[in-house]
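# after the sequence you'll find the predicted model.
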Amino acid sequence: MKLIFALSLAFMLGLSPRPGTAMEFSSVEERMSAKDLQATGLEKLSPQELAALNAWLRKQFSRVAQTREREVAATYEAKAEVERIAKTFVSSAILGDFSGWSRRTMFRLENGQVWKQTNSDVWHVKTSDPVAVIEKSGFMDTWMLHVDGYDRKTHVTRVQ
């Protein structure tokens, strides 16, 4: 019994496909050489016992395949959510000296992006290592920049 369980486990572990490939079941006889069947003692099984073993393996295979399909689907859903957020949210450190904004201020971010203030708001602050959080607002696809830890926002547009 331990031998059949070990064989079954080894068989199932060998089923993980490469991403994007379909999983197909193959029987013990298809997977093992005559020498391997003999070495494991499986050649002693009657045709009915071998069929029962393959049926059990097929059932296990189906569970593994379904789990894999759910994992792949969850991965794609998570990736889609990350892409959706990336289109509506940016968070990066502001490069250089930062003392707030004053009419058309340019913001160079550590991630390489450059944003420009589009309104005439004025706000002065002294802070070190500021992190800009830029969010897309729902109104007319405008972007708002605020600095972590402060309750002030200004309208911006991406320049680069």
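Thanks, I have the structure now. This structure is a prediction, so every number in the text was calculated from the model and none was measured.
# for this protein, what are the low-confidence residue spans?
Across the chain, the ranges flagged by pLDDT under 70 are 1-23, 138.
# how is it divided into domains?
2-85, 89-158 (automatic domain parsing).
# is it possible to export those domains to CSV including mean neighbour count?
Glycine gets a C-beta too; all of them are placed from N, C-alpha and C. Formatted as CSV, these follow (neighbours: other CB atoms under 10 Å):
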stretch, mean neighbour count
domain 2-85, 12
domain 89-158, 14
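# grab the nearest non-local neighbour of Thr105.
In space, and not counting its chain neighbours, Thr105 is closest to Gln117: 4.5 Å by CB to CB, 6 or more residues apart in numbering.
# ok, now which ones touch that neighbour?
The neighbours of Gln117, taking CB atoms under 8 Å, 6 or more residues apart in numbering as the test, are 101, 103-107, 145, 154-156.
# try it again at 10 Å.
101-107, 145, 154-157 (CB atoms under 10 Å, 6 or more residues apart in numbering).
# quick one, helices of this protein?
Ranges of helices within the chain are 2-13, 28-31, 34-40, 47-86, based on DSSP state H.
# between the ones you listed, which one is closest to Asp97.
For Asp97, the closest of those is helix 47-86, at 28.0 Å, according to CB to CB.
# roughly how far does Thr40 sit from Ala55?
The spacing between Thr40 and Ala55, counted by CB to CB, to the nearest Å, is 18 Å.
# please apply the same query to Ser91.
Relative to Ala55, and taking CB to CB, Ser91 is found at 53 Å.
# and Ser27, by the same measure?
10 Å.
# then Lys136?
Lys136 is 54 Å from Ala55, by CB to CB.
# repeat that for Arg84.
In terms of CB to CB, Arg84 sits 44 Å off from Ala55.
# now do Ser92
Ser92 is 56 Å from Ala55, by CB to CB.
# and for Trp115?
In terms of CB to CB, Trp115 sits 62 Å off from Ala55.
# ok, Arg152 next?
From Arg152 to Ala55 the distance is 67 Å (CB to CB).
# nearest spatial neighbour of Gly112, skipping sequence neighbours?
Using CB to CB, 6+ apart, the closest residue to Gly112 is Gln160 (7.5 Å).
# lovely, talk soon.
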